[in-house]
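> Quick one: sequence plus predicted model below, questions after.
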Amino acid sequence: MVESSLWHPVALVGDVAQTPVAVQLLDQPVVVWRDAAGAVHAFADQCPHRGARLSLGRVTPQGQLECPYHGWQFAADGRCTHVPALPAFVPPPGHCARAFEAREAHGLVWVRMQEGSAALPTFEAEDDARLRKLNCGPYDVAASAPRIIENFLDMSHFGFVHEGWLGSRDATAIDDYRVEPTPTGLLATGCKAWQPQSNLHSTAPAQVEYTYEVTAPYSAVLTKVPEEGTTALDGWRESIALFICPITPVRSRVWFRLGVADFTSTDEKLQAFQHTIFTQDQPVLESQMPQRLPLDLRAELHTAADKASSAYRRFLRQSGITFGVC
């Protein structure tokens with residue numbers, strides 16, 4: 001499965017501490033944990049001995065993951081190092097848990113279930129010292145990851161789903177914009193929307209320019225810059241990354257990574273604005289049928305205003321994505 005060779009976010013970095021954490025990715029139970037040095041690891045959440053959930057176990061003082069059932073201990077690479085019932089027994093190489101690759105980036109723990117060439121999704125704002133970074137979420141959503149990405153790319157819903165915030169029923173026209181394919185998905189530029197309250201510090205309605213980039217099949221980034229003089233903070237701009245863990249084909253866990261030109265507001269205040277916007281989206285996303293995103297462009301109707309989402313569907317089809325689509 002192509003999706004197994006991609007990097008996927010599974011937890012906030014701060015949520016993986018002293019105890020193992022159970023997550024689900026691509027329909028499979030996974031346990032993430034830290035060794036004695038603080039390095040993060042991921043295994044299939046199943047002891048190879050009798051199938052118990054390793055996430056119910058503990059990390060020993062020596063930094064091994066210990067099964068809760070019989071106390072088998074596993075090193076960071078998955079090798080069994082100790083069987084308490086047979087203290088003198090040296091476990092052979094075949095006595096091992098199934099280990100996955102794990103990394104930390106963008107405030108999240110990422111897991112790749114099989115070897116592949118795909119890089120971690122990028123977020124250019126990460127290295128921009130002029131922007132403050134923080135995470136918002138997770139949100140558990142009864143929708144497929146591709147449906148959520150497509151909604152993120154869509155501006156036509158602003159005046160209806162986000163009326164009074166990101167749009168108005170009196171200004172719903174979408175000007176033409178440009179879409180071009182990239183190695184990781186697509187880039188949409190020249191996108192414009194009239195917004196009553198485009199951000200936390202809006203002081204007046206504004207024409208806002210958007211740029212969208214799909215950075216992986218289940219990741220995307222938008223940047224938005226409002227007209228000058230429409231925010232309480234001079235030079236306001238923001239970049240928002242959407243990172244999705246595909247739990248099942250029709251259930252997802254969502255995080256946002258915010259990069260904002262605001263070093264004074266509390267985390268809670270910045271997160272609250274993003275929370276308001278996404279919880280307006282969520283019930284509509286969960287209502288869509290079919291829940292999986294149709295890749296056949298004849299399955300649903302399209303207009304010129306939808307060309308970013310149409311390009312996204314073509315990218316998924318060309319990439320061989322099957323999880324969360326139909």
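Yes, it's here. Keep in mind that this is a model prediction, so the values were computed, not measured. Numbers count the residues shown, from 1 in each chain.

> And residue 10, how close does it get to residue 91?
To residue 91, residue 10 is 28 Å away according to Cβ to Cβ, to the nearest Å. Where C-beta positions appear, they are placed from N, C-alpha and C, glycine not excepted.

> More neighbours: those two, which one.
Higher neighbour count among residue 10 and residue 91: residue 10, with 24 against 16, using other Cβ atoms under 10 Å.

> Residue 57 against residue 67, yeah?
Yes: taking contacts as Cβ atoms under 8 Å, residue 57 lies within contact range of residue 67: 5.1 Å.

> how many other residues sit next to the nearest residue to residue 149 once chain neighbours are set aside?
Nearest residue to residue 149, sequence neighbours excluded (Cβ to Cβ, 6 or more residues apart in numbering): residue 220, at 5.4 Å. If you count neighbours by other Cβ under 10 Å, residue 220 ends up with 27.

> Tell me the spacing between residue 220 and residue 246.
14 Å.

> Overlap of the contact sets of the two?
By Cβ atoms under 8 Å, 6 or more residues apart in numbering, residue 220 and residue 246 have no common neighbours.

> what residue lies at the spatial centre of the protein?
residue 243 (1.7 Å; Cα atoms, centre = their mean).

> Am I right that that residue is in contact with residue 9?
Yes: counting by Cβ under 8 Å, residue 243 touches residue 9, with 4.6 Å between them.

> Please enumerate the shared neighbours of these two.
The contact sets of residue 243 and residue 9 overlap at 106, 108, 255 (Cβ under 8 Å, 6+ apart).

> how close does the first one get to residue 134?
If I follow you right, that is residue 106. 11 Å.

> likewise the last one?
Relative to residue 134, residue 255 is positioned 11 Å away (criterion: Cβ to Cβ).

> between the two, who's got more neighbours?
Taking other Cβ under 10 Å, residue 255 and residue 134 do not tie; residue 255 has more neighbours (20 against 15).

> Specify the beta-bridge partners of that one.
For residue 255, the beta-bridge partners are residue 243 (DSSP bridges).

> so who does it touch?
9, 12, 107, 108, 135, 136, 137, 138, 139, 242, 243, 244.

> Likewise for residue 159?
167, 168, 169, 170, 171, 172.

> And the closest residue to residue 6 other than its chain neighbours, its phi and psi?
Of all residues not flanking residue 6 in the chain, residue 118 sits nearest, at 5.0 Å (Cβ to Cβ, 6+ apart). The phi and psi torsions at residue 118 (degrees, to the nearest 10) take the values phi -70, psi 140.

> neighbours around residue 118, how many?
So residue 118, with other Cβ under 10 Å, has 14 neighbours.

> If I follow the layout properly, it ends up in contact with residue 215?
No: with contact defined as Cβ under 8 Å, residue 118 does not count as touching residue 215 (10.6 Å).

> rewinding a little: quickly list what's touching both of residue 255 and residue 134.
residue 107.

> quick one on the thing from earlier: which ones among the contacts of residue 255 map onto helices?
The helices, defined by DSSP state H, take in nothing from the contacts of residue 255.

> Among those residues, which one sits closest to residue 208?
When the contacts of residue 255 are compared for distance to residue 208 (Cβ to Cβ), residue 242 wins out at 17.5 Å.

> separation between the closest one and residue 222?
From residue 242 across to residue 222, the span is 8 Å (Cβ to Cβ).

> Mind listing the shared neighbours of the two?
By Cβ under 8 Å, 6+ apart, residue 242 and residue 222 have these common neighbours: residue 152.

> From the neighbour counts alone, determine which of those two ranks first.
Taking other Cβ under 10 Å, residue 242 and residue 222 do not tie; residue 242 has more neighbours (24 against 17).
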